[in-house]
Structures are given as structure tokens and as C-alpha cells.
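Engineer: please find the sequence and the predicted model below.
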Amino acid sequence: MNVDNAPPQSNVTLDDDVEAEIASYLDLENPSSFFLFAGAGAGKTRSLVNALRHIATKYRDTLRLRARHVAVITYTNAACEEITRRLEYDPLFVVQTIHSFAWSQIQGFSSDIREWLRSNLQTEIADLTAEEAKGRAGTKASAARLASIESKQRRLGRLDEIKAFTYNPSSENRERNALNHSEVIKIFATFLLEKSLMQRMFVERYPFLLIDESQDTNKTLIDAFLTVQQAHARRFCLGLIGDTMQRIYLDGKENIERALPRGWETPKKVLNHRSPRRIVRLINAIRSGADEQLQEPRDDASEGWARLFAFPVDTPDKPAVEDGVRAYMADLTGDASWIDRDQCKILTLEHHMAAKRMGFEQLFDAIAPIEAFRTAFLDGSFAPTRFFTHSVLPLVAATQRGDKFLATKLVREASPLLRKDVLKGSEKPLDQLRIAQAAIDSLMSLWANGDPTCGAVLKNVASTDLFVVPDSLKAALAALSTEAVGTESDEEADPVGESVAALLTLLDCPFSMIAAYASYVAREASFDTHQGVKGLEFDRVMVLMDDGDSRGFLFGYDKLLGAKAPSASDLKNAEEGKDSSLDRTRRLFYVTCSRAKSSLALVAYSTDPGAMKTHVIQSGLFDEDEVHLGLPA
Ligand SMILES: Nc1ncnc2c1ncn2[C@@H]1O[C@H](COP(=O)(O)OP(=O)(O)OP(=O)(O)O)[C@@H](O)[C@H]1O
């Protein structure tokens, strides 16, 4: 065959040798730790599964002989199940989410856990006591501190009674002997770093540890793993898989790629298997503001569509405008499914818009701005809101529906009033049931005068002992219940801290917001956010961006898309290499746009749609005919 006439080589196998490269690092005798650089749709899951299969083929017998395993940490339970399934449930692999994995490693060390907790509680109590000494007596802040000190002291006092600690990654962990989610991570990281025997046992048991979505994995633990790897570089292989451009959680490690120790390998994948050419060009252009990683579309990829529609920020009927955009996209692409809202993935980059449209804005505004609360609040695991969504709401909803059977079941399962030992110890268990029913009646009576506040609900539940109030709410409850005896100037001189203030605002919210928030975090809403679509892909994606809705504490589409100039602090952050709101917005924008398999419509509500249009064209994100100011005729 004449080589000149041969069809040009397709690029679809371009990255195939990366799999071999990774396999070469997975050498039991001479391991190399690695960080896989691969953008959106590069097939990271496939690389991970291939790497694991390689280990199984090459080392199964050797590993089994010494009861060793391969550990894999994934971000979600769904990812965990998917990888386990693809590995055909092979017991060689321990595939777990970070909390389950951390717990499985520390579970047997009850006395060490007890000592860690003792020392941690003592430090926390000492800090609070010092704050109390500096503060003013009789203020709400003082009431909150005293309540925290009391509950910590109570826990400290009971530590020696606890024989074994418990933990459940998907529950409230409110039992006396339970650890909470962040303690499990901190304890594991501390043990790994401080207990050399545990460190040695760990690398002996798991000579290979691969972490998926490593950019979002808790930074304390990533740092601990990096230290362990450095100490045992010759017999422990740490493989980090992920994409720095897709870091969306604030507890992930910033600039992880720059923190890699010497001697690490950095294989790179360049193909995007998911998106059509136009969308790969767009996500490359978005990414170029952050790093130099460019992707190539597959040679057999179609051209696809990406369009930007910019509207004034005060557009009155936004949902109607969005319907119009979908109708236009259906016409443009010849894909009638755009008409059907349910066949499109509608993404809001931030949650405020969802909160506003679904009716829990006040709740969102109370909690989301607090950095330490945000991640858990947005994924539904924040203990104070979970108390309302998982304990109180189901009971209230069942009672309001007249479902007595379910209401009784819920109280039996969760209420301290009907705990088995209480019923057993009671001479007349029937009386105990009456007490529980009276507590339910008392709670439900709050609705006689309309929608009660969360604070009124909490006070009521605490007074009847219907449910255990989580520690995280006790300080706020104390502050709420305090008839402040301090003067106004005392309150000014000793205000409640940011966290308690946020919880007090939460307690001020009408309880009806809890149901709206619960359905949002359970993803029952018709639109989703970047968090909900991690790792997923959809044919038709519509991204909604509204700075008017985002309150500016996290986002800045107008800045990203050029309708507003960056602020002085943005420029300063950029100069100092610090993560700015612009960087965060760029990453969310990248994550959402890169989910599209066929066509993409961006809808921006802007303070200056004209300036946005000029900027996105000048910066090479879009061509002139791809940007519409208003709905095209
Ligand atoms: N080598 C390949 N050949 C063909 N299709 C592939 C290949 N690798 C991955 N794919 C497909 O490409 C799509 C993206 O893969 P995958 O979801 O694993 O990417 P990813 O790197 O995890 O992406 P992201 O980080 O954006 O979530 C999937 O539909 C997958 O089946």
C-alpha cells in the first residue's frame, strides 16, 4: 500500500500508551507514585480500573500470600459501587469512600481514640474557658460558650465508660460512643502521622493506594498520605487520579499538582472522549485561564454546538426566557429533545439561585456563607440542618398526613423517650408511650398558629426530649433561650461568634424552608448543581448563571465573562497565586460545560450583557454568531 495514500491515522488510541505507562509504575519491587493529569472526559475511571486490573493480573498471588490488599478511595458511594462492579467484586480490592476507609483503619484502636478525644476535648474546653474569661457574663455569646463547655465536659467525663467507639458514615452518629465525620478523618490522619507502627502496618497491608477525585479529597488526609509515601517510597505506591480544574469542594487540597514530592511520575492524557469538537474548544479556552493543559477531541467526534445567551440581570420572567432558549436550541440542533425540560440537564453553577427559586433563600443565606459549614450544608450532611431534615421533618410530615403508623415508627426508631432500655426500665411502658405521644402533640401544636420557626421547633423538641439535640445545635439553643441579662454594651463587646450567629439565623427561619431545602439536597429539584453532576455526562446541557442571585460571596460570572472588571483583591490574589472567587467560578464553569456530550446552551443574566458579548468574543471563548443578546428572533 502506498503510504502517501493511507488514511490519516485516527487519534482515538492516542492515550493508550498512558495505561502502559501507569502499569509500569505499579511495580511492587520498585513502585513509583504518580499523579495522572487528565481533563474532563479523558476516561480517568477507565484508567483507574485498568490500573487495578493490571495489579490483579500481575500480583494477585503475591499479595494474597501475605494477606495484602489494594486500596481505592472514591468520592461517592455511587463511584464506589461502579468501580467495585467493574472489578467484578474482586476481594483483592478494598474500594471505599474516604470516611468508610478512615474508619476501617482506626476502628480497632479504641484506647488510642479515647486518648485523642481526651486531649482534643481538653484543648477545646481550655480554649472556650479562656474565651469565656475574656468575654462578658450574661451575654448570648457567653450562654453559647457555657453550653459548649458543658457538653464537651460531659463527653469528656464519659470517655472512660466507652469500651468501643462507633461510627456510621451515613448517619447522625448521635450515640454517646459515636465519633463524628470530621473526627474520623482527623484521627486517622493523626494516627498515620504519629504512630509509626500504624504507618508501617498500613503500607504493609496496602502497598498500592489509588485515590480517585484526589483534587477534592480532604487535604489533611492527602497531606498525611503524601508524608507516608515519602517515608516509604520504596514499598508504597500512591496514585492520585483527578483533575485540578475540577476541584469544587473547599476542603480539597489547593494546587495539589505543585505539592508533589520529588520523584513522582506525572502521566498525561490528552484526548476528550466525551464532548464534540466545539465543546472541547470551549473548555480548552476556559481552562487556559488556569493552566496550560489542552485537550484534543476524538477524530471521530462531531462538531456539536455551544451558544451563549446573555440577558439583563433584572429580566422579569427568567423561567420563560429559559424555555425560549431551549426552543431555539431544538431548532438550531435539530434535536427536538431540547423542548422537553426533563431531557435536558439544567445546571445552576451555584446554589443560591436554586435556593431562591425553591424557597429556602433565608436558610441558604444564613449557613452557606460560613466556609466551615458550606460543604456539608450543600451536600445535606450538615448536622444542625440534618437534625431538622432527618429527625423532625419526617415526623411532622407523617403526622400532618395522618400517617400514625409511620409517625410511631419514626419515634420508636429515633426518640430517646422510647429507647429500649428506657422502655425496659419503666414499670409502666404504656406511660412512656403516652409521654412520647404528648411530646408529638406538643410539637404539632406549634402549627396551630401557622408556620413555626426552626428555633421554636428546636426549643420544643429539647423541652420534651422527643429527639436528641445534636451537640452542634446546643450552643445556639442556649444562646436562643437565654434571656440576655448582659447590657447592650456587653452584647456589643462580646458578640456571638460567626458560627453561632449563623445558627441563630437558621433558627430564625420558618420551618417550611426545611422541606424545600431537604428536597433540594435529595436532588428532587428539576435543576442540579455542579456538585450533583460530578463525573456524569449528558447529551443536552443548559447552564444558568446569575450573579444577581449568587450574592457575590463565592461567584462572579460577570467577572469571568468580562462584563465586570476584576476587583483589586482579585488582582492581588492572582498576583500572590491565591485561589480567588474568579478561579473558583472558572472551575465550576469548566465542570458544568464539560458535562455536555452533544450541545451546550449557556444562559447568563448580566449587569452588562453587551460588555459580556464583546469580552467572550475577544477572549476566544465564542464566535460572534454564537452569542445572543436576548432571545434570537
Ligand atoms: N479509551 C476510550 N475509548 C472510548 N471511550 C472512552 C474511552 N475512555 C473513556 N471513554 C468514554 O468517555 C466518557 C468519559 O469517560 P470518564 O467519565 O471516565 O471520564 P473522566 O475522565 O472521569 O471525566 P470527568 O473528569 O469529566 O468526569 C465516558 O462515556 C467513557 O465511557
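Structural biologist: Everything's here; your move.

Engineer: what backbone torsions are found at the residue in the stretch 151-300 of the chain positioned nearest to the ligand?
Structural biologist: Going by CB to the nearest ligand atom, the ligand is nearest to His273 of the stretch 151-300 of the chain, at 3.2 Å. The C-beta positions use only the backbone N, C-alpha and C, and glycine is treated the same way. Per-residue torsions, His273: phi -90, psi -10 (degrees, to the nearest 10).

Engineer: next, count neighbours for it.
Structural biologist: Look at His273: counted by other CB atoms under 10 Å, it has 18 neighbours.

Engineer: so what's it up against?
Structural biologist: Remark: with contacts taken as CB atoms under 8 Å, 6 or more residues apart in numbering, His273 is in contact with 41-43, 298.

Engineer: beta partners of the closest residue to Gln295 other than its chain neighbours?
Structural biologist: Spatial nearest neighbour of Gln295, chain neighbours left out: Asn272 (4.4 Å); criterion: CB to CB, 6 or more residues apart in numbering. Legend: beta-bridge partners of Asn272 under DSSP bridges are Pro297.

Engineer: residue contacts, Asn272?
Structural biologist: Remark: with contacts taken as CB under 8 Å, 6+ apart, Asn272 is in contact with 39-42, 280, 283, 295-298, 301, 594.

Engineer: need those residues in JSON lines with distance to the ligand, can you?
Structural biologist: JSON lines is the format used below for those (distance: CB to the nearest ligand atom, whole Å):
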{"residue": "Gly39", "distance to the ligand": "7"}
{"residue": "Ala40", "distance to the ligand": "3"}
{"residue": "Gly41", "distance to the ligand": "4"}
{"residue": "Ala42", "distance to the ligand": "4"}
{"residue": "Val280", "distance to the ligand": "12"}
{"residue": "Ile283", "distance to the ligand": "9"}
{"residue": "Gln295", "distance to the ligand": "10"}
{"residue": "Glu296", "distance to the ligand": "13"}
{"residue": "Pro297", "distance to the ligand": "12"}
{"residue": "Arg298", "distance to the ligand": "8"}
{"residue": "Ala301", "distance to the ligand": "11"}
{"residue": "Ser594", "distance to the ligand": "5"}
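
Engineer: pop out the phi and psi values for the residue of the stretch 51-200 of the chain found nearest the ligand.
Structural biologist: Closest contact between the stretch 51-200 of the chain and the ligand, by CB to the nearest ligand atom, is at Ala79 (9.5 Å). Main-chain dihedrals, Ala79, degrees, to the nearest 10: phi -70, psi -40.

Engineer: Gly535 is in contact with that one, correct?
Structural biologist: Yes: using CB atoms under 8 Å, Ala79 makes contact with Gly535 at a distance of 6.5 Å.

Engineer: any common contacting residues for those two?
Structural biologist: Residues touching both Ala79 and Gly535 comprise 45, 213, with contact defined as CB under 8 Å, 6+ apart.

Engineer: now the closest residue to the ligand within the stretch 1-150 of the chain: how far from Asn272?
Structural biologist: Per CB to the nearest ligand atom, Gly43 is where the stretch 1-150 of the chain lies closest to the ligand, at 2.5 Å. Computed with CB to CB, to the nearest Å, the distance linking Gly43 and Asn272 is 9 Å.

Engineer: what's the span of stretch 246-255, first residue to last?
Structural biologist: 12 Å (CA to CA, to the nearest Å).

Engineer: list the buried residues in it.
Structural biologist: 246-249, 251-253 (16 or more other CB atoms under 10 Å).

Engineer: out of the residues you listed, who's near the ligand?
Structural biologist: Gln246 (CB under 6 Å from any ligand atom).

Engineer: show me the buried residues of stretch 246-255 that map onto helices.
Structural biologist: Residues from the buried residues of stretch 246-255 lying in helices, with DSSP state H as the criterion: none.

Engineer: I'd like to know how far the residue nearest to Lys613 when sequence neighbours are not counted sits from the ligand.
Structural biologist: Once flanking residues are discounted, Lys613 sits nearest to Val627: 4.9 Å by CB to CB, 6+ apart. In this view, Val627 and the ligand are 25 Å apart by CB to the nearest ligand atom, to the nearest Å.

Engineer: was I right about Val627 contacting Phe311?
Structural biologist: No: when contacts are counted by CB under 8 Å, Val627 is not listed as touching Phe311 (11.9 Å).

Engineer: what's the helix or strand encompassing Ala407 packed up against?
Structural biologist: Remark: Ala407 resides in helix 404-414, with elements defined by DSSP states H and E. Applying 3 or more CB pairs under 8 Å, 6 or more residues apart in numbering; DSSP states H and E, we find helix 404-414 packed against helix 393-401, helix 429-444.

Engineer: how many residues are close by the residue of the stretch 51-200 of the chain closest to the ligand?
Structural biologist: 20.

Engineer: per-residue pLDDT of it, please?
Structural biologist: On the pLDDT scale, Ala79 is placed at 84.

Engineer: what sits against it?
Structural biologist: Taking CB under 8 Å, 6+ apart, one finds 45, 212-213, 535 in contact with Ala79.

Engineer: circling back to that earlier point, farthest pair within the buried residues of stretch 246-255?
Structural biologist: The most widely separated members of those are Gln246 and Asp251, with 14.7 Å between them, by CB to CB.

Engineer: list the buried residues for the top helix by length along the chain?
Structural biologist: The longest helix of the chain (DSSP H) is helix 110-134. Neighbour-count burial for helix 110-134, counted by 16+ other CB under 10 Å, picks out 112-113, 116-117, 120-121, 125, 128, 131-132.

Engineer: what residues does that helix touch?
Structural biologist: 106, 142, 145-146, 148-149, 152-153, 155-156, 159-160, 162-165, 179, 183, 187, 190-191, 195.

Engineer: if we can go back for a sec, mind checking pLDDT for the residue of the stretch 151-300 of the chain closest to the ligand?
Structural biologist: Looking at His273, its pLDDT is 96.

Engineer: okay, it and Leu14: tell me how far apart.
Structural biologist: According to CB to CB, His273 and Leu14 sit 10 Å apart.

Engineer: correct me, but Ile187 touches Ile106?
Structural biologist: Yes: here Ile187 reaches Ile106: they are 5.4 Å apart, a contact under CB under 8 Å.

Engineer: what segments of the stretch 51-200 of the chain are helices?
Structural biologist: Assigned by DSSP state H, counting those that start in this stretch, the stretch 51-200 of the chain shows helices spanning 77-86, 98-106, 110-134, 140-158, 181-194, 196-205.

Engineer: which helices and strands sit right next to the second one?
Structural biologist: Under the contact criterion of 3+ CB pairs under 8 Å, 6+ apart, the helices and strands touching helix 98-106 comprise strand 70-74, strand 93-97, helix 181-194.

Engineer: in the stretch 1-150 of the chain, where is pLDDT below threshold?
Structural biologist: For the stretch 1-150 of the chain, the stretches flagged by pLDDT under 70 are 1-8.

Engineer: spell out which residues of it are next to the ligand.
Structural biologist: Contact residues (CB under 6 Å from any ligand atom) of the stretch 1-150 of the chain with the ligand: 38, 40-46.

Engineer: now, which of the residues you listed lie within strands?
Structural biologist: Ala38 (DSSP state E).

Engineer: filter the residues of the stretch 1-150 of the chain next to the ligand down to the buried ones, ChimeraX style.
Structural biologist: Buried residues within those, by 16+ other CB under 10 Å, are selected in ChimeraX with:
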select :38,40,41,42,43,44,45
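
Engineer: farthest pair within the residues of the stretch 1-150 of the chain next to the ligand?
Structural biologist: Counting by CB to CB, the most remote pair of those is Ala40 and Arg46, 13.8 Å apart.

Engineer: any idea which helix or strand comes after the helix or strand bottoming out on mean pLDDT in the chain?
Structural biologist: Here the helix or strand of the chain ranked lowest by mean pLDDT, DSSP states H and E is helix 547-550, holding a mean of 59. Per DSSP H and E, the first helix or strand lying C-terminal to helix 547-550 is helix 557-560.

Engineer: for that following helix, packing partners?
Structural biologist: When contacts are defined as 3+ CB pairs under 8 Å, 6+ apart, helix 557-560 packs onto helix 547-550, helix 581-593, strand 596-606.

Engineer: all good on my end, thank you.
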